[in-house]
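Engineer: Got a predicted structure plus its sequence, pasted below:
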Amino acid sequence: MAKTAFSVDFSKWPEEDEIKTHNRWHPDIPIVEWFKPGDEFRVECYDWTGGQIHNDDSANDVRDVDLTKVHYLSGPFGVEGAEPGDLMVVDLLDVGALPASAWGFTGIFARDNGGGFLTEHFPSACKACWDFHGIYTTSRHVPGVRWAGIIHPGLIGCLPSQDLLERANKREMALFETDPERVPPLLAPPFADTALMGQMPADKAKRAAEEAWRTVPPREHGGNCDIKNLSRGSRIYFPVYVEGGGLSMGDIHWSQGDGEITFCGATEMAGFLDIGVDLIKDGVRKYGITNPIFKPSPIEPHFSEYLVFEGISVDEHTGEQYYLDAHVAYRRACLNAVEYLKKFGYTGEQAYVILGTAPVEGRISGIVDIPNACCTVAIPTEIFDFDIRPNASGPTASVSPSDVAHTS
Ligand code: ZN
């Protein structure tokens, strides 16, 4: 087995570790270990919140989570010979749970602390915990469903260059300034107080943290893309922006629906990644790369039947017509799916959680038929232990009365 290059210790907070995680992106975060092209190594990761969420039946921890501390990332790792303009080839040889932490969670985040895609409909903090059974998962908070994991890092990327850091800060702050008081906020601007800058010396870290990127959005270097099909067995090609590349990762998900719509919508977990690295010299120019590209895994859970919900770009409250707006159309598709699942005894929150973390397929199905975008969300029917297809006698099955965990 590959050597473990980064370890986690659940008996203490990540802040107390000797080799520290980082929760910001900055070109000067020191490389923790160097590898050669062709090397393989294992990386352990905390869950994205660094252990703030517990395996229990209260959502108080989701309500109270400190989102300025996320995401806790392992790395950065350097590849000898990697220079700006190269492509770093990263194989996700395997991704899995750690024996000390064989469970996961899905959070619906409160509107005033994170929010989510349907936050106007589900404004309160809720949580569902998931147990792992080999490759499968079930939840005491969401009965009647079971599926195989499509395990992936929600967040993986290389360190940005100083130039890219400054360019992104400029464009993001310009957006932020258009409505700085918005709830939920338009974006997470730099915030130094809770920044973890890895092995950077304290005086330097203090300055760098003022401009370091928060880890929330995906950017040109990859980062928090939350793509469920970037799963174990995938090969990713990252543009290199600094000497050595500086590959970091975290935010492992057991499963996720396209869009990760509850915000912490995946089944979040601590875990490990087995990584292989290689280089394509001058690959950015050779292949015209701006953002990472990847080749999905040869092994993914497969489903033969789906029920597909359509949505169009018309606001559900005002009836306002939007022009080819995929955001509105996908929201309507998801809301349509929620209403349907409620007919089988699920609460709205349980249905929302299923869409967030079951391996549902989200698509932009039509983006040219003025004025309506058409988005679809496809739910595999086989994840339910009863028949969810429509028929003449109406919904005949119903799950036993239950609910996600709420706050107290
Ligand atoms: Zn996540």
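Structural biologist: Noted; the coordinates are in hand.
Engineer: Next one: the residue of the stretch 251-400 of the chain found nearest the ion relative to Gly157, how far apart?
Structural biologist: Per Cβ to the ion, Asp251 is where the stretch 251-400 of the chain lies closest to the ion, at 4.1 Å. C-betas here are computed from N, CA, C, even on glycine. As judged by Cβ to Cβ, to the nearest Å, Asp251 and Gly157 stand 11 Å apart.
Engineer: partners of the host helix or strand of the residue of the stretch 251-400 of the chain closest to the ion in the sheet?
Structural biologist: Per DSSP states H and E, Asp251 falls inside strand 245-253. Using DSSP bridges, strand 245-253 pairs in its sheet with strand 74-79 (antiparallel), strand 152-158 (antiparallel), strand 263-269 (antiparallel).
Engineer: Let me know the next secondary structure element after the shortest one.
Structural biologist: With elements assigned by DSSP H and E, the helix or strand that comes after strand 74-79 is strand 87-96.
Engineer: Enumerate the positions of that following strand that are buried.
Structural biologist: Leu87, Met88, Val89, Val90, Asp91, Leu92, Leu93, Val95, Gly96 (16 or more other Cβ atoms under 10 Å).
Engineer: Tell me how many other residues surround the nearest residue to Pro217 once chain neighbours are set aside.
Structural biologist: Spatial nearest neighbour of Pro217, excluding adjacent residues (Cβ to Cβ, 6 or more residues apart in numbering): Asn224 at 6.3 Å. Asn224: 24 surrounding residues under other Cβ atoms under 10 Å.
Engineer: pretty sure Asn224 is touching Arg214, no?
Structural biologist: No. Taking Cβ atoms under 8 Å as the definition, Asn224 is not a contact partner of Arg214, at 9.4 Å.
Engineer: got a list of what the residue of the stretch 101-250 of the chain found nearest the ion touches?
Structural biologist: For the stretch 101-250 of the chain and the ion, the shortest gap (Cβ to the ion) falls at Gly154, measuring 3.8 Å. Going by Cβ atoms under 8 Å, 6 or more residues apart in numbering, Gly154 touches Trp48, His71, Asn224, Cys225, Asp226, Gly250, Asp251, Ile252, His253, Gln256, Glu260, Ala266.
Engineer: what do you get for Pro380?
Structural biologist: Per Cβ under 8 Å, 6+ apart, neighbours of Pro380: Trp147, Phe303, Glu305, Tyr306, Ala358, Pro359, Val360.
Engineer: With just CA atoms, put stretch 251-258 into CSV.
Structural biologist: The C-alpha trace of stretch 251-258 is given here as CSV (Å, rounded to 0.1, in the frame of the first residue of the first chain):
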residue,chain,number,x,y,z
ASP,A,251,-14.4,17.6,1.6
ILE,A,252,-14.8,13.9,0.9
HIS,A,253,-18.4,12.8,0.0
TRP,A,254,-19.8,9.3,0.1
SER,A,255,-22.4,10.4,-2.4
GLN,A,256,-23.9,13.5,-3.9
GLY,A,257,-26.7,14.6,-6.2
ASP,A,258,-25.8,16.9,-9.1
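Engineer: now that stretch, how far from the centre of its chain.
Structural biologist: Offset of stretch 251-258 from its chain centre (Cα atoms, centre = their mean, to the nearest Å): 6 Å.
Engineer: One more: stretch 321-331?
Structural biologist: 22 Å.
Engineer: List of residues touching it?
Structural biologist: In contact with stretch 321-331 (Cβ under 8 Å, 6+ apart) are residues 117-118, 259, 311-316, 362, 364, 367-368, 370-375, 377.
Engineer: Recalculate using a threshold of 10 Å.
Structural biologist: 117-118, 120-121, 258-259, 261, 310-316, 320, 362-377 (Cβ atoms under 10 Å, 6 or more residues apart in numbering).
Engineer: Tell me the first helix or strand C-terminal of the top helix by length along the chain.
Structural biologist: Ranked by residue count, the top helix of the chain under DSSP state H comes out as helix 326-342. Per DSSP H and E, the first helix or strand lying C-terminal to helix 326-342 is helix 348-357.
Engineer: returning to that earlier point: now for Asn224 and Arg214: what residues contact both?
Structural biologist: Common neighbours of Asn224 and Arg214 (Cβ under 10 Å, 6+ apart) are Trp25, Val70, His71.
Engineer: Same list, those residues, but as a markdown table with pLDDT and secondary structure please.
Structural biologist: Below are those laid out as a markdown table (pLDDT from 0 to 100; DSSP: H, G, I helix; E, B strand; the rest coil):
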| residue | pLDDT | secondary structure |
| --- | --- | --- |
| Trp25 | 98 | strand |
| Val70 | 95 | coil |
| His71 | 97 | coil |
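Engineer: Identify the residues contacting the nearest residue to Glu40 once chain neighbours are set aside.
Structural biologist: Distance criterion Cβ to Cβ, 6+ apart; nearest residue to Glu40, sequence neighbours excluded, is Ala2 at 4.3 Å. Listed by Cβ under 10 Å, 6+ apart, the contact set of Ala2 reads Asp39, Glu40, Phe41, Arg42, Val43, Leu93, Asp94, Phe272, Asp274, Ile275, Gly276.
Engineer: Select from those residues every entry located in strands.
Structural biologist: Glu40, Phe41, Arg42, Val43, Leu93, Asp94, Phe272, Asp274, Ile275, Gly276 (DSSP state E).
Engineer: so Ile367 makes contact with Ile312?
Structural biologist: No. The criterion here is Cβ atoms under 10 Å, and Ile367 misses it with Ile312 at 11.6 Å.
Engineer: anything in contact with each of the two?
Structural biologist: Common neighbours of Ile367 and Ile312 (Cβ under 10 Å, 6+ apart) are Asp325, Ala329, Ala373, Cys374, Cys375.
Engineer: Run a quick neighbour tally on Asn229.
Structural biologist: 15.
Engineer: who's in contact with it?
Structural biologist: Ile150, His152, Gln256, Asp258, Phe294, Pro296, Ser297, Glu300, Pro359, Glu361.
Engineer: nearest residue to the second one other than its sequence neighbours?
Structural biologist: Nearest residue to His152 in three dimensions, chain neighbours excluded: Ser231, at 4.0 Å (Cβ to Cβ, 6+ apart).
Engineer: Count the neighbours of that neighbour for me.
Structural biologist: 24.
Engineer: now swap in the one 5 residues further on and tell me
Structural biologist: The burial metric for Ile236, expressed as a neighbour count using other Cβ under 10 Å, is 23.
Engineer: Thanks a lot, see you next time.
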